[in-house]
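Colleague: Quick check, what structure comes out for this input:
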Amino acid sequence: MPHQPAPPMTRIVIFAKAPVPGQVKTRLIPALGAEGAAQLARRMLAYTLQQATQTGLHAVELCMSPGSQDPRWHGIDLPAGVLRTEQGHGDLGEKMARAVQRVTTEHQQAAMLVGTDCPALSSAGLAEAARQLAHHDAVLIPASDGGYVLLGLKAPCPGIFYDMAWSTSAVASETLARLAQLGLSVWIGPTLDDIDEPADLAHLPDTHAAACRVNI
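Modeller: Alright, predicted model coming up:
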């Protein structure tokens, strides 16, 4: 049998803001209050980090806003072994493009970008996306609101990030169209629910609801 190349090492890059009341999950403040929204953000961050570290993949990175030395991160318990980087300047597209560039070129790893807004994204889902990325150029798990909860790439693709109408229902479809224009093979995972708006709280697991004192 011909020799099969080893799949690339994969790094999960989690994008997160410091869970400060009034500065995170602001669209949920009408339903939860500023403190409740921040508590939920903290819970979702902890859950995402837990699921990522349980995959057994090669590296887990927390890409932080602001940087890890900012006092707004004080008191936030982060798992040992999680790499810490700073998102830096620019809009979301610029930040994600930089992260992919850094991980795929400097570290020679495939990059899987995720946020912390999807409690339905489990360690099994992350591991499956990594397996699929070994056989495709890109992987994408759509969100029910038209965005995506995970995007994986093996090489820099800055064109899929720039001039994007972020936080709209066209993000996933436009991203897939741009990937197709580049001739890249893409695995698309099952659509999952993000928790962004008060109506999304219907999809919140009981463990997360308890964290923000929500009775759903």
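Colleague: what about the helices in the chain?
Modeller: Counting by DSSP state H, the chain has helices at residues 29-54, 92-101, 123-133, 171-181, 206-211.
Colleague: can I have the shortest one written out in PDB, keeping just the CAs?
Modeller: The C-alpha coordinates for helix 206-211 follow below in PDB (Å, rounded to 0.1, in the frame of the first residue of the first chain):
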ATOM      1  CA  ASP A 206     -29.900  23.200  32.500                       C
ATOM      2  CA  THR A 207     -26.300  23.300  33.800                       C
ATOM      3  CA  HIS A 208     -25.700  26.600  32.000                       C
ATOM      4  CA  ALA A 209     -29.000  28.100  33.000                       C
ATOM      5  CA  ALA A 210     -28.200  27.500  36.600                       C
ATOM      6  CA  ALA A 211     -25.000  29.400  36.300                       C
END
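Colleague: What's the mean pLDDT across that helix?
Modeller: Taken as a whole, helix 206-211 has an average pLDDT of 79.
Colleague: chain center to that helix, what's the gap?
Modeller: 20 Å (Cα atoms, centre = their mean, to the nearest Å).
Colleague: buried residues in it?
Modeller: Neighbour counts over helix 206-211 (16 or more other Cβ atoms under 10 Å) mark His208, Ala209, Ala211 as buried. Bear in mind the C-beta positions are built from the backbone N, C-alpha and C, glycine included.
Colleague: Surely Met164 touches Met96?
Modeller: No: under the criterion of Cβ atoms under 8 Å, Met164 makes no contact with Met96, lying 9.6 Å away.
Colleague: more neighbours, these two?
Modeller: For Met164 and Met96, the more surrounded residue by other Cβ atoms under 10 Å is Met96, and the numbers stand at 24 against 17.
Colleague: list the contacts for that one?
Modeller: Counting by Cβ atoms under 8 Å, 6 or more residues apart in numbering, Met96 touches Phe15, Leu113, Leu151, Phe161.
Colleague: Return a PyMOL selection command for the buried portion of those.
Modeller: Filtering the contacts of Met96 down to the buried ones (16+ other Cβ under 10 Å) takes a single PyMOL command:
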select buried, resi 15+113+151+161
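Colleague: Identify the residues contacting Ala111.
Modeller: Per Cβ under 8 Å, 6+ apart, neighbours of Ala111: Thr10, Arg11, Val13, Ala99, Val100, Val103, Thr104, Gly152, Leu153, Lys154.
Colleague: For beta bridges, what are the partners of the second one?
Modeller: It stands for Arg11. Taking DSSP bridges, one obtains Ala59, Ala111 as the residues bridged to Arg11.
Colleague: Could you tell me which ranges of this structure sit under the pLDDT cut-off?
Modeller: Within the chain, the stretches with pLDDT under 70 are 1-8, 213-216.
Colleague: same thing but at 80, please
Modeller: Applying pLDDT under 80 to the chain picks out residues 1-8, 57-58, 210-216.
Colleague: ok, for the residue nearest in space to the middle of it, nearest residue in space, not its chain neighbours?
Modeller: For the chain, the residue sitting closest to the mean C-alpha position, by Cα atoms, centre = their mean, is Val114 at 1.2 Å. Distances taken as Cβ to Cβ, 6 or more residues apart in numbering place Leu150 nearest to Val114, at 5.0 Å, with adjacent residues excluded.
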